[in-house]
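Undergrad: Quick one, what's the 3D model for this:
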Amino acid sequence: MSDFNEASPEVRWYVAHTYSGYENKVKANLEKIIENRGLHHLIKDIRIPVEIAIENEGTENEKEVESKVFPSYVLVKMIMSDESWHIVRNIRGVTGFVGPGSKPVPLTDEEVAAIGIEVRVTELPYSIGDSVKITGGPLAGFVGVVEEISDDKKKIKVMASMFGRETPVELDSDSVELIK
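TA: The predicted structure is shown next:
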């Protein structure tokens, strides 16, 4: 791998190509490695853009269906360095980065805006200590108290009451609603 410019590390979005159907596995494995090795300073975010469509609309079989906007691709927000390149490239299921040869090319600001992955949240309807209800994901319906809010306001830590225990859960900031 060619050397990256370490003098001016800049956080940018890159696109990793995966085997078909491996997008979620790649994201989960990458998140696990970031957590275990403490690499939050290099790899900031991982996204798989999806769109939700309603199937069988107007019938009793109506349901929401999630489909990937870019099948076989995972978007990674990171500081490109030899270390971060090797970490992402060596995740099982990743075939490479989008770019000529083995040199990844970051998405332009226009591409990021068009995809809609950089949604700015300026004001959250809740703050630390507020009671919230989880509205998305496998924990939907559980209630908890906001413990932490990330600096960029994209992630929050909620102490959720589950099965008689208080359990810390990290969630996207838009997957909870304030209990009034």
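Undergrad: what's the distance between residue 12 and residue 176?
TA: 29 Å (CB to CB, to the nearest Å). For every residue, glycine as well, the C-beta is placed using N, CA and C.
Undergrad: no, scratch that, I was asking about residue 147
TA: 12 Å.
Undergrad: neighbour-wise, which of those two wins?
TA: Set side by side, residue 147 and residue 176 show more neighbours around residue 176, with 28 against 16, by other CB atoms under 10 Å.
Undergrad: Next, residue 27: secondary structure please.
TA: For residue 27, the assignment made with DSSP: H, G, I helix; E, B strand; the rest coil gives helix.
Undergrad: What are the buried residues along stretch 12-31?
TA: Neighbour-count burial for stretch 12-31 flags 12-18, 22-23, 25-27, 30 (criterion: 16 or more other CB atoms under 10 Å).
Undergrad: And the furthest pair within those?
TA: Maximum pairwise distance among the buried residues of stretch 12-31 (CB to CB): 23.8 Å, between 12 and 25.
Undergrad: about what we covered before: and the buried residues of stretch 12-31 as TSV, adding distance to residue 75, secondary structure and pLDDT?
TA: Listed next are the buried residues of stretch 12-31 as TSV, based on distance: CB to CB, whole Å; DSSP: H, G, I helix; E, B strand; the rest coil; pLDDT from 0 to 100:
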residue	distance to residue 75	secondary structure	pLDDT
12	11	strand	92
13	6	strand	93
14	7	strand	95
15	6	strand	94
16	8	strand	95
17	11	strand	95
18	11	strand	96
22	14	coil	94
23	10	helix	94
25	15	helix	96
26	11	helix	96
27	10	helix	95
30	11	helix	96
